[in-house]
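K.L.:
please work out how this folds:
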Amino acid sequence: MPMPFSDNNKILISTPKDAILATLAFFSIFQVPIDFEKLWKFLYKQHASRQDLKKSLDELQANKKVVQQGDLYALTPWDERIYFQNQEEIKKRFNKIKRFEWLLQVIPFVRSMAIINSLALGTADAQSDIDFFVVTRKGTLYFVRTIIILLFKSLGLYKTKGKIKEHFCFGFYTTQDNLDFSSILLSGDDVYFSFWLASMQPIFGEPTYFQTIAINNWVNRDFPNFVLDRDILARNKNSKVSMFIKFFLEILLFIPAVVFEPVLAQVHIRHTFKLPENHWETSTTIANSKMLKLHSLDIRKAVRLKFYQILTRLGVI
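P.N.:
Numbers count the residues shown, from 1 in each chain. You can find the predicted model right below:
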């Protein structure tokens, strides 16, 4: 089979062994090993029971195609010291989110918020920021963004070009009536976006998160083992105090939100496209009334190419 580097091709994964290699290939791009449960959940384009997965994994290890250290797996050995350092960095960022979770929960007109990108994928390191995906009430996206910018800049937590490490990055907003992401997928395989969506970790607003996954059910074609963790609802319930504060703020700010949203949308959208980086060749930035996706350096094509190259070298494709 020729190397499928065409933008329109989708690769065929035909066995659990190939699926294991494909999943480990993705994480190898970021030099990160994964445990058995993560491998099972993100098994790429193949369904397998845990028993069958373990059997295939053992065979790949016997053939020296997969490396195991402790309870972790990868295509090649990794530096355990760096791995555990990065795990501490990841833990530090989750602890920081926990400290400010109450504040995130009371932001008016936010229907769901989730951790995304390197922190959710487990690929973060000491220099990583903390990325959030924000779903807002219809017609309030830029009003919400204005509140978030003012609030977190005043606290010194908002990511800027000069302040990245451990800072909060709110680079992806969408409205509650705009949860279908099929139009922003790359043609062919969009391997990074698939892993991005499946790894998303909701902080609150789980019903909206579940709705997002249900609408984008193509994610189950890429990860047939992927199932929603319904226990999230029990773990991440908003406190009654947070819910009351949010409800009060939404009543108080309802009319200002309706009045100022069109003006703020114009200001934010105009500013977004004034920035030169949003006109770079690598940019896939979107800024409209229903979505703001700041993506001047979109790595998806580069990740896909590297992914295909690894799978070709392994004889999977």
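K.L.:
which residues in the stretch 1-150 of the chain form strands?
P.N.:
Using DSSP state E, counting those that start in this stretch, the strands of the stretch 1-150 of the chain run over 34-35, 67-69, 72-74, 110-116, 130-136.
K.L.:
for the protein, what helix or strand is lowest in average pLDDT?
P.N.:
helix 232-235 (a mean of 56; mean pLDDT, DSSP states H and E).
K.L.:
and the next helix or strand after it, what does it pack against?
P.N.:
Following helix 232-235 in sequence order, the next helix or strand is helix 240-274 (DSSP states H and E). Packing partners of helix 240-274 (3 or more CB pairs under 8 Å, 6 or more residues apart in numbering; DSSP states H and E): helix 80-105, helix 141-154, strand 286-287. For the C-beta atoms, the positions are set from N, CA and C on the backbone; glycine is no exception.
K.L.:
could you check the angle helix 240-274 makes with strand 130-136?
P.N.:
Calculated by axes from the mean of the first three to the mean of the last three CA atoms, to 10 degrees, helix 240-274 forms an angle of 100 degrees with strand 130-136.
K.L.:
on that earlier part again, can you tell me which of the helices and strands packed on helix 240-274 is nearest to residue 246?
P.N.:
Closest to residue 246 of the helices and strands packed on helix 240-274 is helix 80-105 (CB to CB; 6.8 Å).
K.L.:
avg pLDDT for the closest one?
P.N.:
Per-residue pLDDT values across helix 80-105 average out to 97.
K.L.:
contacting residues for residue 107?
P.N.:
144, 147, 148, 151, 246 (CB atoms under 8 Å, 6 or more residues apart in numbering).
K.L.:
contact partners for the fourth one?
P.N.:
Same thing as residue 151. Neighbour list for residue 151: 103, 107 [criterion: CB under 8 Å, 6+ apart].
K.L.:
per-residue confidence at it?
P.N.:
Confidence at residue 151, expressed as pLDDT, is 98.
K.L.:
and residue 172, that one's in a strand?
P.N.:
Yes. The assignment for residue 172 (DSSP: H, G, I helix; E, B strand; the rest coil) places it in a strand.
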